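Engineer: Fold the following for me, if possible:
(one chain, ligands or ions: 1)
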Amino acid sequence: MRWLVTVWLIGTGLLAAPAWGQQASPAVQRGKAVFHATGGCGCHTDVKNKGPFMAGGRPIATPFGNVYATNITPDTETGIGSWSEQDFINAMTKGIGPDSKHYFPVFPYTSFTRMTRQDLLDLRAYLLSISPVRQANQPNTLRFPFGWRGGLSGWKWLYLRTGPLQPDAAQSAEWNRGAYLVNAQAHCGECHTPRNFMGGLKTSMRYAGAVEGPEGQLAPNITPDEATGIGDWTIADVVWYLQTGLKPDGDDTQGLMSEVIEHGYQHMPEADLRAMAVYLRSLEPIVNKVEPKDK
Ligand code: HEC
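Structural biologist: Modelled structure (predicted):
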């Protein structure tokens with residue numbers, strides 16, 4: 001018995017030691033939770049080519065050409081290590097880099113602009129805590145006029161409304177938490193809302209599905225319409241799906257959705273997942289059958 005206890009004590013001591021050594025600051029810990037709620041910023045890791053974590057280089061195919069995700073590790077030359085707090089806030093909420101360059105809206109700043117300043121600063125703290133990687137950003141290969149960043153100020157005038165999401169006093173705290181997570185951090189609408197020919201989100205079709213979402217992937221209708229959306233999913237079904245990628249009919253998940261679940265949503269607290277499900281359930285059902293183009 002004493003022997004067992006000794007082994008147990010040594011075991012827990014060894015396991016606990018590294019955790020003491022790298023105790024993250026409260027801001028970093030909160031930032032990690034924000035990071036998970038964004039889906040784990042997965043686009044910034046070139047998973048296909050086993051690229052380093054958050055070092056960019058991953059091509060994101062859009063109807064207008066390829067956009068390469070950027071290095072968001074704390075490297076001071078090629079990453080965001082030398083960015084000020086305000087530089088980071090400007091990028092996330094206005095789509096503007098420290099060099100005043102406009103970012104293409106594949107970077108979902110139209111959603112991230114809905115985040116609170118505190119959440120953004122916590123997210124920055126987390127990103128600054130990961131390993132820096134020196135890897136220069138790749139030039140984009142967009143067709144005119146979309147390759148012309150100057151045109152993006154006009155695009156933003158049309159499609160970008162900045163500022164954090166305001167709570168709706170008529171709704172419950174849970175609903176408001178869900179609305180915030182879905183619309184701001186988790187940016188579900190960036191993939192699940194169809195875009196017009198200019199790449200702007202069709203707001204009247206919010207969450208009604210996109211035949212050609214990011215990387216050309218079909219993103220289903222997630223409004224509560226019974227026939228064409230997820231109206232027949234329960235709140236628990238949605239929570240389970242965001243934790244496991246398993247649909248109520250037993251199907252699993254492919255592509256970008258499986259990435260945002262794996263690297264992000266599955267790590268979120270269950271109460272937050274539930275809040276998102278409650279919010280989705282409350283949306284106006286939109287009849288929109290999203291089918292692959294060649295069908
Ligand atoms: C990066 C793009 C992207 C983001 C962000 C995203 N999704 Fe998805 N989602 C997809 C794609 C693509 C599919 C289709 C997956 C498949 O075919 O297996 C999908 C599938 C789904 C499904 C399955 C629907 C069905 O009828 O099978 C649900 C539910 C869903 N997403 C909810 C969400 C919610 C809620 C969020 C935000 C918390 C979200 N998604 C964020 C791209 C995205």
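
Engineer: Skipping its backbone neighbours, what lies nearest the residue nearest the centre of the chain in space?
Structural biologist: Compute the mean C-alpha point of the chain, and by C-alpha atoms, centre = their mean the closest residue is residue 38, 3.2 Å away. Nearest residue to residue 38, sequence neighbours excluded (C-beta to C-beta, 6 or more residues apart in numbering): residue 185, at 5.2 Å. For glycine as for every other residue, the C-beta is placed from the backbone atoms N, C-alpha and C.

Engineer: returning to that earlier point: measure the residue nearest to the centre of the chain to the ligand for me?
Structural biologist: Using C-beta to the nearest ligand atom, to the nearest Å, one gets 9 Å for the distance from residue 38 to the ligand.

Engineer: For stretch 73-81, buried residues please.
Structural biologist: 73, 74, 75, 78, 79, 80 (16 or more other C-beta atoms under 10 Å).

Engineer: Would you agree the last one is in contact with residue 74?
Structural biologist: Yes - under the criterion of C-beta atoms under 8 Å, residue 80 makes contact with residue 74 at 6.6 Å.

Engineer: what sits in contact with each of the two?
Structural biologist: 127, 128 (C-beta atoms under 8 Å, 6 or more residues apart in numbering).

Engineer: who's in contact with stretch 277-294?
Structural biologist: Outside stretch 277-294, the residues touching it (C-beta under 8 Å, 6+ apart) are 171-172, 174-175, 178-179, 181-182, 205-212, 218-231, 235-236, 238-239, 242.

Engineer: same question but for stretch 115-134, I mixed them up
Structural biologist: So stretch 115-134 is contacted by 24-25, 27-28, 30-35, 38, 52-55, 71-81, 85, 88-89, 92-93, 112, 164-165, 184-185 (C-beta under 8 Å, 6+ apart).

Engineer: Whichever of the residues you listed end up buried, select them in ChimeraX.
Structural biologist: In ChimeraX, this line selects whichever of the contacts of stretch 115-134 come out buried by 16+ other C-beta under 10 Å:
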select :27,28,30,31,32,33,34,35,38,52,53,54,55,71,72,73,74,75,78,79,80,88,89,92,93,112,164,165,184,185
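
Engineer: Next, the buried residues of the helix or strand containing residue 60.
Structural biologist: For residue 60, the element it lies in under DSSP states H and E is strand 59-62. For strand 59-62, burial by neighbour count (16+ other C-beta under 10 Å) applies to 59, 60, 62.

Engineer: The ligand contacts on the protein?
Structural biologist: By the rule C-beta under 6 Å from any ligand atom, the part of the chain lying against the ligand is 39, 182, 186-188, 190-192, 213-214, 217, 219-220, 222, 230, 241, 247, 253-257, 260, 265, 276, 280.

Engineer: Buried among those? Make that a PyMOL selection.
Structural biologist: A single PyMOL command is used to select the members of the residues of the chain next to the ligand judged buried by 16+ other C-beta under 10 Å:
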select buried, resi 39+182+186+187+188+190+191+192+213+214+219+220+222+230+241+253+256+257+260+265+276+280
